[in-house]
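Q: I would like the atomic coordinates for the input below:
(2 chains)
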2 protein chains.
Amino acid sequence: MGKEEDAVYLCFDVGGTNIKAGLVDASGTILAKQSVVTQTDEQANSVLKQFLELQNVLCRESGITLEHIRAASIGVAGFVEMETGTVTRAVNLGWHDVPVAEKVSSMLGMPVFVINDANAAALGEMWQGAGKGLDDLLCLTIGTGVGGGVIANGRIVNGAYGLAGEIGHFRVKIKDGRLCNCGKTGCLETEASASAIAYYGERAARQYPRGRLAQRLKQAGTLTSKDVAEAAQKGDKAACEVIEHAAYYLGYALASIFTVTAPIRIVIGGGVAAAGSLLFTPLIHWFREFALPDIKDKNIIAPAVLGNDAGIIGLAKLAKMNLLSLSGIEEKRG
Amino acid sequence: MGKEEDAVYLCFDVGGTNIKAGLVDASGTILAKQSVVTQTDEQANSVLKQFLELQNVLCRESGITLEHIRAASIGVAGFVEMETGTVTRAVNLGWHDVPVAEKVSSMLGMPVFVINDANAAALGEMWQGAGKGLDDLLCLTIGTGVGGGVIANGRIVNGAYGLAGEIGHFRVKIKDGRLCNCGKTGCLETEASASAIAYYGERAARQYPRGRLAQRLKQAGTLTSKDVAEAAQKGDKAACEVIEHAAYYLGYALASIFTVTAPIRIVIGGGVAAAGSLLFTPLIHWFREFALPDIKDKNIIAPAVLGNDAGIIGLAKLAKMNLLSLSGIEEKRG
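A: Numbering: from 1, shown residues only, chains lettered A, B, ... in the order given. Reported below is the predicted structural model:
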């Protein structure tokens, strides 16, 4: 088996669009990485084939041989039962109750661990990123949707039915909210995601027909959250209001979420976080406005630092922790 | 030291009004218990003396000798740094940065563990109560205030500055909320605690001067949440509306909190929970109305079962877990 510090982990971060794959060593360094377009089918068989090909490519590229790979670790955009490695529901992949760990383990002949992709990114930021060395974290990825990973006492909180960290569906509007993909109304995702910012951007463009956003909408036929951020950066009033709106609801949600697990840091990544201080300045303002007075002067909110590598690095951390646990160093509790 | 299963734990549940003390064995059975009025001073010295007296009384009563007591475990209504056993702030006790574990340990000559009282109650319900055998729990105590204990992966989540589980300050009204003791507005505590129910009860009494609540207010000069619950039980419309209001905001908060840690069960105790189905029926209705569709048909919310003993029993569980951990059975994580 070789020594712990020589271990290498084979990591697959499976999204609806791409699979990001990497070989990561026990110190958290990425030795090789690859990205391919996800080929999906209901039983995950095409993805399985892609895993095998990716393993070969990564080994060839890095010169790492199979006997150094101690485990495979898979992140999936969906609900995951971590004990069994089963993906119970992954809407964008069309998977329903797929025993991913079992399938991949029998194909690759090594231990396989499965986790939700936002949780993997959270572990990555805890191990090597903006939450380095911290045991209590909340990581938010604000893209098309809003994904969350909760870490308490140094461990991912998966919760009942794998639903922990579904912060996107934290309800910020008790009444009169917009309809969300989940079937409910008023979710954080409907007010502060990239799609929400695009939606409110288009609404603002129609309200201010002579503004920069309206111009852009006329040219492009549609607006993205990036268009809104760019217009706001140039001082467009309507665009600034849209970003402020997102920051207001994010700040509100995060302050209330703080009362539940009290993360020492809230790490925010994803496309919307790329807006930088344009988002973070009002967000921190509103967070402090809504938060317990005890943390008014603390720096809780921080941008993510690992970008797209957070998932791969976190997957390696998961494999490392789980192997350590399997090897019996970890406890049995009374 | 004797065998693990013969261990007895000395438990003190310290509130602003009473200290509840108990000797609890390793199976969770209370061997003896006592309650005395809390005598408090800034450095906790009078409480320390009370601990010593209570230890003597409990040993005498139960016939347990000192060598069987393996640890003392203390629950405090305040913020606790669990690693050091320091109470950073306990408003009702007047304590500020008191190193309780250190003081008690040098007095009693045994390991001492300190925890927030709501967290102790949560551990009790997990070990022997409504959350028996479950690793992911939220326990709410709804009395004068609203206290919470969060358990994830079988462990108490203490969080930054000991602030995890401060569910009472989860903000349910983003605007136009009432002022809370914490200095903010719109907290769950201002809408759904015993004091909130009494407040809205009195308001309703003034609105419906010929109703049962108004009658009661006229007799007693003031209303309690129990008065409101009793009037509601008898079908008083105004009182029913007040309970409905509390259930609505509780249901809303719990559904949003679910998206953070996804507790498999939410256990609700305290004086307000004593209203039984009068509270639980609308609460479960509103929880389902606001919750993710994935858990619409699950029974997440349940009443607490241990009553006033939850704290003492949970304190024994804490001592048992921590001793196990100290004895090196528990892990070091990489």
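Q: Spell out which helix or strand contains A:V114, please.
A: Remark: A:V114 resides in strand A:112-116, with elements defined by DSSP states H and E.
Q: Kindly format the C-alpha coordinates of the following helix or strand past that strand as CSV.
A: Sequence-wise, the next helix or strand downstream of strand A:112-116 (DSSP H and E) is helix A:117-128. Provided in CSV are the C-alpha atoms of helix A:117-128 (Å, rounded to 0.1, in the frame of the first residue of the first chain):
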residue,chain,number,x,y,z
ASP,A,117,-20.2,18.9,-5.5
ALA,A,118,-20.8,21.9,-3.3
ASN,A,119,-19.7,19.9,-0.3
ALA,A,120,-16.5,18.9,-2.1
ALA,A,121,-15.8,22.6,-2.9
ALA,A,122,-16.3,23.4,0.8
LEU,A,123,-13.8,20.7,1.9
GLY,A,124,-11.4,22.1,-0.7
GLU,A,125,-11.6,25.7,0.7
MET,A,126,-11.3,24.3,4.3
TRP,A,127,-8.2,22.3,3.4
GLN,A,128,-6.3,24.7,1.1
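Q: so who does whatever residue of the stretch 51-200 of chain A ends up closest to chain B touch?
A: Closest to chain B within the stretch 51-200 of chain A is A:G159: 2.5 Å, counting by Cβ to the nearest Cβ. C-beta here means a position set from N, CA and C on the backbone, and glycine is covered the same way. A:G159 sits next to A:165, B:136, B:152, B:261-264 when contact means Cβ atoms under 8 Å, 6 or more residues apart in numbering or on different chains.
Q: In space, what's closest to it - neighbours in sequence excluded?
A: B:A262 (2.5 Å; Cβ to Cβ, 6 or more residues apart in numbering or on different chains).
Q: tell me, how many neighbours does that neighbour end up with?
A: 25 (other Cβ atoms under 10 Å in any protein chain shown).
Q: right, and it touches A:H169 too?
A: No. Counting by Cβ atoms under 8 Å, B:A262 does not reach A:H169; the two are 11.0 Å apart.
Q: For the stretch 1-150 of chain A, which residues are neighbours of chain B?
A: Selection of the stretch 1-150 of chain A residues close to chain B by Cβ under 8 Å from any Cβ of the partner chain yields A:4, A:79, A:136, A:148, A:150.
Q: In terms of secondary structure, what does the host helix or strand of the fourth one contact?
A: Using DSSP H and E, the secondary-structure element containing A:G148 is strand A:146-152. Under the contact criterion of 3 or more Cβ pairs under 8 Å, 6 or more residues apart in numbering or on different chains; DSSP states H and E, the helices and strands touching strand A:146-152 comprise helix A:117-128, strand A:137-142, strand B:146-152, helix B:237-261.
Q: which residue ranges form the strands in the stretch 51-200 of chain A?
A: Per DSSP state E, counting those that start in this stretch, the stretch 51-200 of chain A carries strands over the ranges A:69-76, A:79-81, A:86-90, A:95-98, A:112-116, A:137-142, A:146-152, A:155-156.
Q: burial measure for the spatially closest residue to A:L223 that is not a sequence neighbour, as a count.
A: Spatially, and ignoring its direct neighbours in sequence, A:L223 is nearest to A:G201 (4.4 Å; Cβ to Cβ, 6+ apart). Neighbour count for A:G201, taken as other Cβ under 10 Å: 28.
Q: give the contact list for A:T224.
A: By Cβ under 8 Å, 6+ apart, the contact list for A:T224 reads A:194, A:198.
Q: Was I right to think A:L250 contacts A:S193?
A: No. Counting by Cβ under 8 Å, A:L250 does not reach A:S193; the two are 9.8 Å apart.
Q: My read is that A:F170 contacts B:T261, right?
A: No. Judged on Cβ under 8 Å, A:F170 makes no contact with B:T261 at a distance of 11.7 Å.
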